[in-house]
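# I'd like to go over a predicted model; first the sequence, then the structure.
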Amino acid sequence: MTALATVAPSDREAGAAGPPLIVAAKLLRWLRFASLLIAMGTLYGLALPLLMANTAVYTSLPRQVWAFCLLTAVALVAGCLIAVDRLAGWARWVLLAAVAAASGLATTGIRADHLTAEAEWSYGVIGWFAMVLLLDRGRAAAAFLVAHTVVSFAQAALLGQDVVGMVVVAAIVLGCQSPVLAGALALRRIADDVAAARRAREEVRTAEAVAERLHESRLARYADLAGTTVPLLERLTDGSADLSDARVRADYTAEAAKLRRLFAENDDVPDPLLHELEACVDLAQRRGIAVYLGTCGEWVTPPLAVRRALIEPVVWAASAATAARVTVIGSAEGVTVSVVADAPADLAPQAEAPVAVTRMVDGTRVWVEAAWRR
Amino acid sequence: MAEVTTAVIVDDHPAIIAGVESWCAAADPAVRIADSGSTPAVAWTGAGLGADVVVFDLMLSGPTPAYGDLRRLVDAGRQVVVYTMREDRDTILTCLDIGAFAHLAKTEGPAHLVAAIRAAHGHQPYTAPAMARAICADTRPERPRPTPREVDVLVNWFACESKEMVARKLNLSVRTVNSYIDRVRIRYANAGRPAPTKAALVARAIQDGLVRLEDL
């Protein structure tokens, strides 16, 4: 997995814009350009003179030329891909196969006794190309370098060559390559750390924002209550409320239902509308009213203001004399809360845009419907 | 209807039996309870065997609905009014498909049970609000398709439980409201698993001119 890919999804989850990710990707790209430059430098600065000086010892010069051209092509294509940030996926593996093929061509087109000598120009070059292609996948790069070294040694040993001389060369080549690889790995670790720190910071910021919103909505709710609940409570404490009057009692019941609804608004539930509605129904049931609550169909959760207007009929039904039938009917177009109750018709809620309210009186029963269309 | 309707109650709750008995006794004309008991055996033996209607609790012993017992009663041609705590869509639709005459939730008992028992005796459709809701919420691919107007009537019937108010709201006569509801019920009786009780309901509806053969 690339550093880009490991950081990107979690970063998105945290909702961060991802500047550390961009920084890490940029650094990685420059590191790749740098290794590409080294690869090209070794290819043209070191390998090309060796190739031209030893044309006589090759069993197949065309193979050497092919290998050289192949590496040049890989360098060009890789350079273009790095420039547009597309050096990944299958393109990477095709290029890696080309590098391996070049190595094969170069080492099979030379006399065995020159395999460990300087005429074998490809040994010090191949590793740099692998680094360019695999820099973001530290383990794969290391594995390729080791594999290349092992294969080179095995080939030389199988063809009866003395490999002691090769050890020094291998130590020099790997000694140059491994710091670059270590740098890439460290870079990736730092990028991961930065992303984690950023996520943590985002979480704290989100929690703060949520707390702030909660506080604001709490203040708003207290402001709502101050206008309606507080006067009722004042009249209750100074004894001016006439509780023998059914209307007065209905006022208190409705206010209690609103309080229950407000408390319910704070809860984190999958269906807020039904939850807030149940809070009012619960209050009515405690008053001894037989309440039927049924739902039909599905609905999307309406905004808070709409939910309040939709639940108004249920608040009204809390002051019913004996029974109330509360139904919620949902469809793709919207949701309707319907209440049939033997509650005072003139206290039934009024329409409050965007919620349409209809009323129908049938003897002691009143049918109130609050409908909202999306 | 001149003749007395008799019913047998299958319910494992004595309070429910006592309640149903008192509703039936208080009805005018009264519905006579032939027998009652906590297992379906009461409907297959003695006085219960001859009862016109079986009031059947779906949740007898254990947590699973007694669909098997219901199917045996229906296949013997018995008119069964399922009277249960369950009022979810799938339970209701399953009972209708098996061939129960009607499905009443226990919350609907006081308002609908006696009327449903009478209708069952007369093979006339009876659709309680919870049944209307289940039909509206039916999403099975092979379901009968009510027209939008019929769905409107069913939904409002579920919402207000008063055909007079549904009629006023939709500018229809109560008779039309009833015919909309009954037509949908008959289409359900005509769909799914064949059962003698369903066939009888459809035949009676055609006889009464409630539906025409080509509507089915």
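Thanks, I have it.

# Quick one: low-confidence residue ranges for the chain.
Using chain A. Low-confidence segments of chain A, defined by pLDDT under 70, span residues A:1-23.

# nope, chain B please
Chain B contains residues with pLDDT under 70 at B:1-2.

# Show me which residues of it sit near chain A.
Within chain B, the positions adjacent to chain A are B:87, B:107, B:129-130, B:133, B:136-137, B:155, B:158-162, B:164-165, B:168-169 by C-beta under 8 Å from any C-beta of the partner chain. From N, CA and C alone the C-beta is placed, and that goes for glycine too.

# For ChimeraX, write a command that selects the buried ones of these.
Here is the ChimeraX command that selects only those of the residues of chain B next to chain A that count as buried (16 or more other C-beta atoms under 10 Å in any protein chain shown):
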select /B:87,107,129,130,133,136,137,155,158,159,160,161,162,165,168,169
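
# In helices only, show me the residues of chain B next to chain A.
Taking DSSP state H as the definition of helices, the residues of chain B next to chain A contribute B:P129, B:A130, B:R133, B:C136, B:V155, B:F158, B:A159, B:C160, B:E164, B:M165, B:R168, B:K169.

# Just flag the most distant two among the residues you listed.
Pairwise distances across these peak at 22.4 Å for B:A130 and B:R168 (criterion: C-beta to C-beta).

# Just the buried residues of stretch A:275-291, please?
Neighbour-count burial for stretch A:275-291 [16+ other C-beta under 10 Å]: A:H275, A:E276, A:L277, A:E278, A:A279, A:C280, A:V281, A:L283, A:A284, A:I289, A:V291.

# can I assume the fifth one sits in a strand?
The one in question is A:A279. No. Residue state for A:A279 (DSSP: H, G, I helix; E, B strand; the rest coil) corresponds to helix; a strand is not indicated.

# Please tell me how far it sits from chain B.
20 Å (C-beta to the nearest C-beta, to the nearest Å).

# Could you do the fourth one as well?
Relative to chain B, A:E278 is positioned 16 Å away (criterion: C-beta to the nearest C-beta).

# ok, for that residue, nearest residue in space, not its chain neighbours?
Take A:E278 and drop its neighbours on the chain: the residue closest to it by C-beta to C-beta, 6 or more residues apart in numbering or on different chains is A:L293, 7.0 Å away.

# My reading is that the one you found is in a helix; is that accurate?
No. Under three-state DSSP, A:L293 falls outside any helix and is assigned strand.

# any idea which residue of chain B is furthest from its center?
Residue farthest from the centre of chain B, counting by C-alpha atoms, centre = their mean, is B:N171 at 26.8 Å.

# Quick one: neighbours of residue 37, just the number.
Picking chain A for this. A count of nearby residues for A:L37, using other C-beta atoms under 10 Å in any protein chain shown, gives 14.

# not quite, I wanted chain B
Other residues near B:G37 come to 17 when the count uses other C-beta under 10 Å.

# next one: phi and psi at it?
In terms of degrees, to the nearest 10, the main-chain angles of B:G37 are phi -170, psi 180.

# Touching, it and B:G48? I think so.
Yes. Applying C-beta atoms under 8 Å, one finds B:G37 in contact with B:G48, separated by 7.4 Å.

# which neighbours do the two share?
Residues touching both B:G37 and B:G48 (C-beta atoms under 8 Å, 6 or more residues apart in numbering or on different chains): there are none.

# Please identify the helix or strand for residue 194.
Let's take chain A. Using DSSP states H and E, A:V194 maps to helix A:164-237.

# ok, now B:V81?
Element membership of B:V81 [criterion: DSSP H and E] is strand B:79-84.

# how much does that strand deviate in direction from helix B:129-136?
90 degrees (axes from the mean of the first three to the mean of the last three C-alpha atoms, to 10 degrees).

# Keeping just the C-alphas, turn strand B:79-84 into PDB.
Written as PDB, here are the backbone C-alpha positions of strand B:79-84 (Å, rounded to 0.1, in the frame of the first residue of the first chain):
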ATOM      1  CA  GLN B  79     -64.000 -18.800   9.700                       C
ATOM      2  CA  VAL B  80     -61.200 -17.600  11.800                       C
ATOM      3  CA  VAL B  81     -60.800 -14.100  13.300                       C
ATOM      4  CA  VAL B  82     -57.200 -13.800  14.400                       C
ATOM      5  CA  TYR B  83     -57.100 -11.800  17.600                       C
ATOM      6  CA  THR B  84     -53.500 -11.200  18.700                       C
END
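
# Tell me the buried residues in that strand?
Residues of strand B:79-84 classed as buried: B:Q79, B:V80, B:V81, B:V82, B:Y83, B:T84 (neighbour count, 16+ other C-beta under 10 Å).

# Now the residue of chain B at minimum distance from chain A: closest residue in space, sequence neighbours ignored.
When distances are taken as C-beta to the nearest C-beta, chain B approaches chain A most closely through B:A159, which lies 4.0 Å from it. In space, not counting the residues next to it along the chain, B:A159 is nearest to A:S338; the distance is 4.0 Å by C-beta to C-beta, 6+ apart.

# three-state assignment of that neighbour?
Secondary structure, three-state DSSP: A:S338 is strand.

# correct me, but it touches A:W367?
Yes. Because the distance of 7.1 Å satisfies C-beta under 8 Å, A:S338 is recorded as touching A:W367.

# Please confirm that B:I33 is located within a strand.
Yes. B:I33: assigned to a strand according to three-state DSSP.

# On the three-state scheme, the spatially closest residue to A:D85 that is not a sequence neighbour is what?
Spatial nearest neighbour of A:D85, excluding adjacent residues (C-beta to C-beta, 6+ apart): A:R29 at 6.7 Å. The three-state label for A:R29, taken from three-state DSSP, comes out as helix.

# quick revisit: beta partners of the residue nearest to A:E278?
A:V326 (DSSP bridges).

# quick one, what contacts it?
Applying C-beta under 8 Å, 6+ apart, we find A:L293 in contact with A:L277, A:E278, A:V281, A:V326, A:T327.

# how close does the residue lying closest to A:V300 once chain neighbours are set aside get to chain B?
Spatial nearest neighbour of A:V300, excluding adjacent residues (C-beta to C-beta, 6+ apart): A:R374 at 7.0 Å. Going from A:R374 to chain B by C-beta to the nearest C-beta gives 18 Å.

# What is the burial count for A:R374?
12.

# now do B:E214
Using other C-beta under 10 Å, B:E214 has 5 neighbouring residues.

# Please apply the same query to A:F68.
A:F68 has 21 neighbours, counted by other C-beta under 10 Å.

# Same check on the one 4 residues further on?
Around A:T72 there are 15 other residues, counting by other C-beta under 10 Å.

# list the contacts for it?
Applying C-beta under 8 Å, 6+ apart, one finds that A:T72 lies in contact with A:L43.

# which stretch of helix or strand covers it?
helix A:61-83.

# Which part of the stretch 51-200 of chain A gets nearest to chain B, residue-wise?
Relative to chain B, the nearest point of the stretch 51-200 of chain A is A:R199 (41.3 Å; C-beta to the nearest C-beta).
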